[in-house]
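**Q** coordinates for the following, if possible.
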Amino acid sequence: MTPLDAYIDGTLAGTFRHGERHIQFRYADTYLTHPHAIPLSASIPLTDRTLEHVHVDNYLWNLLPENPRYLDALARQFRIASLYDPLEILQAIGEDTPGALSFHPHGHTPATGGELVALTDTDIARDITWLRSAAPATRTRLSLAGYQPKTAYTKIGDTFYQPVGTLASTHIVKPEMPQDTHLQDIEHILALTARGCHINAPRTSIRTFDDMSAFITERYDREILPDGRVKRLHQEDLMQVIGLSPSRKYQRHNGPGLVRLVSEVKRLCPQDEKAVWQLAAFNVAVGNADAHGKNYSFLIDEHGHHLAPAYDLISLAPYPQYEQSLAMKIGRQDHYRSVTMGDWEYAATRAHSDPKLVTTWVEEIHDVLPGAFEEACSQYGHDFLQLDALRCQILPRRKTRSARHDSGGSVHVRGYTRKNGTMVGEHWRTPPARS
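**A** Below you'll find the model as predicted:
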């Protein structure tokens, strides 16, 4: 097939083409001399050599949707010949992708500009209906990574628009799926909670379009310029940083764990070490067992990498039908209810971080989380069964923390594992009476 040119926010960065064993990438000579040139990825560094490596293949796969039903629908809609070729897929849907990249046939300079088509609530409700059935919402050449079907629009004021041509989207829209009742509400509440814990997270909302509910989040990889234009910001997720396939995003599937995540942060952006430990602590505390290698990302600019805002902040505590084991172990523990400060210390030691500092950072999250969560629930103003289950996961931490400074009454016992392998969660024990 025709090679694909990759543009970073409108500037030609290089060309992807098929090689003998892997996809090749070569940076454009004009790009390498650009004063603000940045690498596509930490695994695809700036060089004047042609790169042919599995890292290049995996970089592209990580830009694409993962849901097989959704990919099948894309293939039918865009007449994609092979779903085993990421270049074939990106030729069809690579005009607007995660980060600043857009893909166009080699040698065809994309026309600048385009148009914004205003959407009604009925238009968006129709898109949501298609997404709920794992079908593409529009014919726009748009790729959003991840398993859950989603779409993206440009939002100006209270109106949503479909960007056409090379114009960039500004907001991602995820429908509530039938099997995940109120999961999008929980994601919105936890985004509010994270910001209340001083964790950098995009602004989110829940909105109804003709009785169809959806979760909406600002794209952190977009910037609205003073003149109203939308600038694409480059980014990559942890899987792209280390060159792994999205199929290995869970540690239990030979993917990255917390130690690898922290090590990459310390290598690429050491100023964000505290932020990544606290984000991990937040995910464990709220029961986000799905915080895998594609749910931690980095923004890239001429100054280097920076930890991206937190996203996909969910809790699986209210959904026992799903896997409850952590995507990334904390120390030796793979269940969020069994993690102790000893596990954080062990993880810190393995990541060559200061255990005392790390436990202090974790405690800071535990201190502010209950209050931030209650404030987020108050802001949202709606109650539902799954939220009660989330309260049971989060609010006991307030009692836990205050008791550490109280020598009387019940004693808080941290979670531990018995010699026979039985896990005992954190609990309260009344000391025996003294005679």
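**Q** could you use CA atoms for every contact and neighbour count after this?
**A** Will do.
**Q** show me where the protein dips below the pLDDT cut-off.
**A** Flagging of the chain using pLDDT under 70 yields the residue ranges 137-140, 397-435.
**Q** pull the longest helix from it.
**A** Ranked by number of residues, the top helix in the chain under DSSP state H is helix 355-380.
**Q** who touches Val286 in this structure?
**A** Applying CA atoms under 8 Å, 6 or more residues apart in numbering, we find Val286 in contact with 314-315, 317, 390, 393-394.
**Q** for the stretch 201-350 of the chain, which segments are assigned as helices?
**A** 238-242, 258-268, 273-286, 341-350 (DSSP state H, counting those that start in this stretch).
**Q** neighbouring strands of the helix or strand hosting Pro163 in the sheet, and parallel or not?
**A** Assigned by DSSP states H and E, Pro163 belongs to strand 159-165. Here strand 159-165 is paired, per DSSP bridges, with strand 114-118 (antiparallel), strand 151-156 (antiparallel).
**Q** out of these, which is closest to Leu142?
**A** Closest approach to Leu142 among these is made by strand 151-156 (7.9 Å; CA to CA).
**Q** hang on, the earlier thing: compute the inter-axis angle for the longest helix of the chain and helix 341-350.
**A** 120 degrees (axes from the mean of the first three to the mean of the last three CA atoms, to 10 degrees).
**Q** ok, back up a step: elements contacting whatever helix or strand comes next after the strand holding Pro163?
**A** Going down the chain from strand 159-165, the next helix or strand is strand 171-175, by DSSP H and E. On a contact count with 3 or more CA pairs under 8 Å, 6 or more residues apart in numbering; DSSP states H and E, strand 171-175 meets helix 121-132, strand 151-156, strand 212-218.
**Q** can you redo the ones you listed as CSV with distance to Leu142?
**A** Conversion of those to CSV gives the following (distance: least, CA to CA, whole Å):
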stretch, distance to Leu142
helix 121-132, 14
strand 151-156, 8
strand 212-218, 16
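**Q** picking that back up, now the strands paired with strand 159-165 as TSV including mean neighbour count and distance to Gln240?
**A** Converted to TSV, the strands paired with strand 159-165 look like this (neighbours: other CA atoms under 10 Å; distance: least, CA to CA, whole Å):
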stretch	mean neighbour count	distance to Gln240
strand 114-118	14	30
strand 151-156	21	22
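**Q** and Leu60, which of those strands is closest to it?
**A** Nearest to Leu60, of all the strands paired with strand 159-165, is strand 151-156, at 18.9 Å by CA to CA.
**Q** what does the closest one contact?
**A** For strand 151-156, contacts defined as CA under 8 Å, 6+ apart pick out 116, 136-137, 142, 144, 160-163, 168-174.
**Q** report the angle between that strand and strand 171-175.
**A** Interaxial angle, strand 151-156 versus strand 171-175 (the same axes, to 10 degrees): 130 degrees.
**Q** output strand 151-156 as CSV, restricted to C-alpha atoms.
**A** The C-alpha trace of strand 151-156 is given here as CSV (Å, rounded to 0.1, in the frame of the first residue of the first chain):
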residue,chain,number,x,y,z
THR,A,151,-16.0,9.6,19.6
ALA,A,152,-14.8,13.2,19.6
TYR,A,153,-16.2,16.6,18.7
THR,A,154,-15.2,20.2,18.8
LYS,A,155,-17.0,22.2,21.5
ILE,A,156,-17.5,25.9,21.3
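**Q** and Ile8, what are its bridge partners?
**A** According to DSSP bridges, the partner residues bridging Ile8 are Thr11, Leu101.
**Q** quick one: neighbours of it, just the number.
**A** Neighbourhood size, Ile8 [other CA atoms under 10 Å]: 21.
**Q** that one against Phe103, yeah?
**A** No. Using CA atoms under 8 Å as the test, Ile8 is too far from Phe103 to be in contact (9.2 Å).
**Q** still on that earlier bit, closest to Leu12 out of the contacts of Val286?
**A** For the contacts of Val286, the closest approach to Leu12 (CA to CA) belongs to Ile314, at 36.6 Å.
**Q** ok, for that closest one, nearest residue in space, not its chain neighbours?
**A** Residue nearest to Ile314 in three dimensions, not counting chain neighbours: Glu187, with 4.9 Å by CA to CA, 6 or more residues apart in numbering.
**Q** next, the one you found: phi, psi?
**A** Dihedral pair for Glu187: phi -60, psi -40, per degrees, to the nearest 10.
**Q** how near is it to Thr129?
**A** 20 Å (CA to CA, to the nearest Å).
**Q** the more surrounded of these two?
**A** Neighbour totals were compared for Glu187 and Thr129, and Glu187 leads with 21 against 17 (other CA under 10 Å).
**Q** which residues touch the more buried one?
**A** Shown in contact with Glu187 (CA under 8 Å, 6+ apart): 215, 312-315.
**Q** which of the residues you listed sit farthest apart?
**A** Using CA to CA, the two most remote members of the contacts of Glu187 are Phe215 and Ser315, lying 15.0 Å apart.
**Q** mind listing what His18 touches?
**A** His18 makes contact with 3, 24, according to CA under 8 Å, 6+ apart.
**Q** pull up the gap between it and Ala310, please.
**A** 34 Å.
**Q** with Asp57 instead?
**A** As judged by CA to CA, Asp57 and Ala310 stand 26 Å apart.
**Q** before we move on, the earlier item: what about the contacts of Glu187, which are in strands?
**A** Phe215 (DSSP state E).
**Q** Thr112 against Thr166, yeah?
**A** Yes. At 6.1 Å, Thr112 and Thr166 qualify as touching, with contact defined as CA under 8 Å.
**Q** and the residue nearest the centre of this protein?
**A** The structure's the chain has its C-alpha centroid closest to Asn295; by CA atoms, centre = their mean the separation is 3.2 Å.
**Q** so who does that residue touch?
**A** Taking CA under 8 Å, 6+ apart, we find Asn295 in contact with 237-238, 310-312.
**Q** thought His22 was touching His53?
**A** Yes. Using CA under 8 Å, His22 is in contact with His53, at 5.7 Å.
**Q** between the strands paired with strand 159-165, which one is nearest to Leu369?
**A** Minimum separation from Leu369 across those (CA to CA) falls at strand 151-156, 30.4 Å.
**Q** good, we can wrap up now.
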